[in-house]
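Undergrad: any chance you can model this:
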Amino acid sequence: MLIWVGKKLHTEFGYDIPNDRIGEAWVISVHPDGPSKILNGDSSGSKLDFVWKNNGELFNKSKDNKEEYPLLVKILDANNDLSVQVHPNDRYAREVEGQPYGKAECWYVLSTEEDAELIFGHHAQTKGEFQQMVVEGKWDNLLRRIKVSAGDFVYVPSGTIHAIGKGMVILETQF
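TA: Numbering: from 1, shown residues only. Prediction:
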């Protein structure tokens, strides 16, 4: 079992989770590993990536627009702390990673246990202070923790140190 995975995707949202190694549900996705299926309307039964490519007018997109679908929306159930991350901006993603876009995200907190916290940013005042705290492993002094409750909304711009803490379920939108 992954150390951060809870069971709320099944118990609270009714997702048929095939095993105890899945802690996120991709709710709106065109990702090749998990495109969303449209459940009703004229496109019922189609995958979202197919409709995005072939029926762009439904998204107010011209037929010759070849942009990738801009969002990934998912629900995460964090039974334990997730890893601390920093995502690239668009320029870095294009120049270094060969990807068209960087990654920003936002979180809407659906539920939390008491005293739930996120990591958002850091306390270092200079680049040198940041480097020194990392070298010395002073993570508790470096990482900025904020308490959150159900209903809170957090925007995480690219380049921001961040992590989802244990005991919360969030709706994450990546863009």
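Undergrad: can you show me the helices along the protein?
TA: 8-11, 48-54, 90-95, 127-135, 139-142 (DSSP state H).
Undergrad: which residues are in contact with the lowest-mean-pLDDT helix or strand in the chain?
TA: Every helix and strand in the chain was compared by mean pLDDT, DSSP states H and E; the lowest is helix 8-11, with a mean of 88. For helix 8-11, the surrounding residues in contact (C-beta atoms under 8 Å, 6 or more residues apart in numbering) are 15, 16, 17, 22, 23, 24, 25, 75, 77, 111, 169. Where C-beta positions appear, they are placed from N, C-alpha and C, glycine not excepted.
Undergrad: ChimeraX command to pick out the buried ones of those residues?
TA: In ChimeraX, this line selects whichever of the contacts of helix 8-11 come out buried by 16 or more other C-beta atoms under 10 Å:
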select :15,17,23,24,25,75,77,169
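Undergrad: flag whichever of the contacts of helix 8-11 scores worst on pLDDT.
TA: Ranked by pLDDT, the contacts of helix 8-11 bottom out at residue 22, which has 75.
Undergrad: make sure that residue is actually in contact with residue 6.
TA: No. Between residue 22 and residue 6 there is no contact, the gap being 10.4 Å when judged by C-beta atoms under 8 Å.
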